[in-house]
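Chemist: Got a sequence here, can you build the structure:
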Amino acid sequence: MANAPYPSFLQALGEGAIDLSSGTFKASLCDSAIYTPDVTDGGDDFYDDISASVLTTGTLTATWLLRVFDAADFVGTFPDPGGGDTGEYLVIWKDTATPATSPLLFFFDTLSGLPMTLDGTPDSLTFNASGIWKVGA
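Modeler: Numbering: from 1, shown residues only. Purely as a prediction, here's the structure:
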C-alpha cells in the first residue's frame, strides 16, 4: 500500500462537506496486526473503522493555505501500552467527537519515523516539508 487520501474524504471534500480550514484534526498511530487499511472507493471512512487498532492519538496543529494541508510533525514520548507495541500506520482524521462521524482523511505507511515502537522514549513522525497534501499539481 502507499500513502493516500481516503476516497470518502475526497468525495466529501468535493461535495463541500469537509472544511480543512477549521476544526480539530488528529493523528492516530495504528497497529498493522489489527488494522487492514481499505483506501478504496467504499472502503474505510470514519474513525470507528480504525479505533480498535489505535495505539496512541495526538491532536495536530493543522493549517490549510494555498491548497496545502499541513501540520507540525507528530512528536511525543509515547508510553508502552504493554507488550512493546509497534505502529506501522499513521491515520489523520477530523474529530467530530463521535467516532462514527469523524472522517478519515489521510493514510500513511511510508513516513519518516514509521514503524514506531512505543517504548516510552521520544519519537517523531516527520511530514513532508512541502506539506501533508496539496490539491492539484
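Chemist: who's in contact with Tyr35?
Modeler: 50, 52-53, 89 (Cβ atoms under 8 Å, 6 or more residues apart in numbering). Any C-beta I mention is one placed from the backbone N, CA and C, and that applies to glycine too.
Chemist: what do you get for Ala27?
Modeler: 57-58, 60, 71, 74, 90-93, 125.
Chemist: What separation do you get for it and Gly136?
Modeler: Here Ala27 is placed at a distance of 24 Å from Gly136 (Cβ to Cβ, to the nearest Å).
Chemist: do the same with Tyr35
Modeler: 30 Å.
Chemist: buried sites along the helix or strand of the chain with the lowest mean pLDDT?
Modeler: The least trusted helix or strand in the chain, going by mean pLDDT, DSSP states H and E, turns out to be strand 74-77, with a mean of 84. Across strand 74-77, burial judged by 16 or more other Cβ atoms under 10 Å covers Phe74.
Chemist: What strands flank it, and is each parallel or antiparallel?
Modeler: Strand 74-77 has these partner strands in its sheet, going by DSSP bridges: strand 122-125 (antiparallel).
Chemist: moving C-terminal of the strand it pairs with, what's the next helix or strand?
Modeler: Reading on from strand 122-125 to the C-terminus, the next helix or strand found by DSSP states H and E is strand 133-134.
Chemist: Check the contact between Asp48 and Ala100; I expect there is one.
Modeler: Yes: with contact taken as Cβ atoms under 8 Å, Asp48 and Ala100 are classed as touching, separated by 4.9 Å.
Chemist: Run through the chain and note the low-pLDDT ranges.
Modeler: 1, 81, 137 (pLDDT under 70).
Chemist: Where do the strands of it begin and end?
Modeler: With strands called from DSSP state E, the chain shows them at 4-5, 24-30, 54-60, 62-65, 68-71, 74-77, 86-87, 89-95, 104-108, 116-117, 122-125, 133-134.
Chemist: For the first one, which helices and strands make contact with it?
Modeler: Looking back up the chat, that one is strand 4-5. Using 3 or more Cβ pairs under 8 Å, 6 or more residues apart in numbering; DSSP states H and E as the contact criterion, the elements in contact with strand 4-5 are strand 104-108.
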